[in-house]
Structure formats: structure tokens, C-alpha cells
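S.K.: Only the shape, not the letters, is given here:
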């Protein structure tokens, strides 16, 4: 990865980008230099960050490479980012307080740090049971139904949820399944906890 914050970082970034695009399209330095109307030596210096170049030259190079000028700068000064991928059926199976046989919870993100901000679960209920867990927790909960049909209680109210339905509610009010109408049942639930900076 090119360090764009150091002196000459932009020249190194542009040089690497131009070289990568040129090689991706199977073009030689001579090919691109001819198309752009510059010398091979100049293009070599640009690719090796040995010279700064004008926007006019960069525009001609972008046309020669068959890309827009904006494409040359697309990833410049963009943070690398960090994402966590959990593949299908690879979520960590967890046991939540109060859950009974037939209720499976797969945690879909693990990297929480010292203070949890959210927890996404894929919940599967594969057969009816006589008792249902009741939960209370700080923050907000969001449910999105994927399969089956369930009657879900939140406080004194109940809601029938079918595939495509969603339900959002305060987590500190008692909530949980009231009636399993059609099994198997699968839904996503995201628990969003209060911000650690809030007083």
C-alpha cells in the first residue's frame, strides 16, 4: 500500500496506479507513451515517482489507458478500512440466558473491543417448545424475519411477524417469543447497546 501522507506520496500513488492499469490491460510503456503523446522516458519517470506531472499529462495518460481521470485518483487518500466477514454457516454458536432446546443463536460479528456497541444474531427455532425465553437488556433491538411465522411479545403488546417483516423496540422492556406459528423460524436480530460515551 502506498503511503500517501509522506513527501512524494501522491507521485508514488499515481505512478503505481498508472503502472497497474497499464499492466492490467497488457500495454507496454511504449504503447501508452505513444497514445498519450509523451516520451517513454517521461512515462517511466512518472511510473517510478521520479517526477511530478501536470493534470494535462495525467488527462492524456488516462485517455491512453482507457479510464477516466477520476479513476486515477479513486483510491487516493482513502483509509484502508477493516471489515469482518463471516461466511454462511460459520457464525459462532452461542447460548443466551433463558434459551431452551430448539433455539439456536449464531453470533455474526465477534470483534467487539472493550465495550460492546452491537451484537447481530441469526436465530433459528426448529421446533415448537412449551416455554419461551424472556429477555431484558439495555439499548435497542431490531428484528428482521427471514422464514416462518412467530408471534413476538414486547411488554404488553404482541406482534405477528412473517418473512420480510421487521420490529424495532427498547430492549429494557421484557420481550421474547409468545407463540411459534410456523416452524422452522429464522430471523436476524441486532442488539444495539447505549453509546459508551453517553452519560
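M.R.: Okay, I see it. Predicted model, so just to flag it, every value in this text is computed and none were measured.
S.K.: just the strands in the chain please.
M.R.: 92-94, 103-107, 118-125, 140-154, 157-161, 166-170, 175-192 (DSSP state E).
S.K.: what's the angle from the second one to strand 118-125?
M.R.: Which is strand 103-107. 150 degrees (axes from the mean of the first three to the mean of the last three C-alpha atoms, to 10 degrees).
S.K.: Could you chop the chain up by domain?
M.R.: For the chain, the structural domains run 9-72, 92-192, going by automatic domain parsing.
S.K.: Adding mean neighbour count and distance to residue 78, write the ones you listed out as JSON lines.
M.R.: (Glycine included, C-beta is placed from N, CA and C.) Below are the domains of the chain laid out as JSON lines (neighbours: other C-beta atoms under 10 Å; distance: least, C-beta to C-beta, whole Å):
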{"stretch": "domain 9-72", "mean neighbour count": "16", "distance to residue 78": "10"}
{"stretch": "domain 92-192", "mean neighbour count": "15", "distance to residue 78": "21"}
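S.K.: which of these has the lowest average pLDDT?
M.R.: If those are sorted by mean pLDDT, domain 92-192 sits at the bottom with a mean of 83.
S.K.: quick check, distance from it to the centre of its chain.
M.R.: 22 Å (C-alpha atoms, centre = their mean, to the nearest Å).
S.K.: helices and strands around the helix ranked longest in the chain, which ones?
M.R.: For the chain, the helix with the greatest residue count under DSSP state H is helix 9-24. Packing partners of helix 9-24 (3 or more C-beta pairs under 8 Å, 6 or more residues apart in numbering; DSSP states H and E): helix 29-36, helix 40-47, helix 55-65, helix 69-72.
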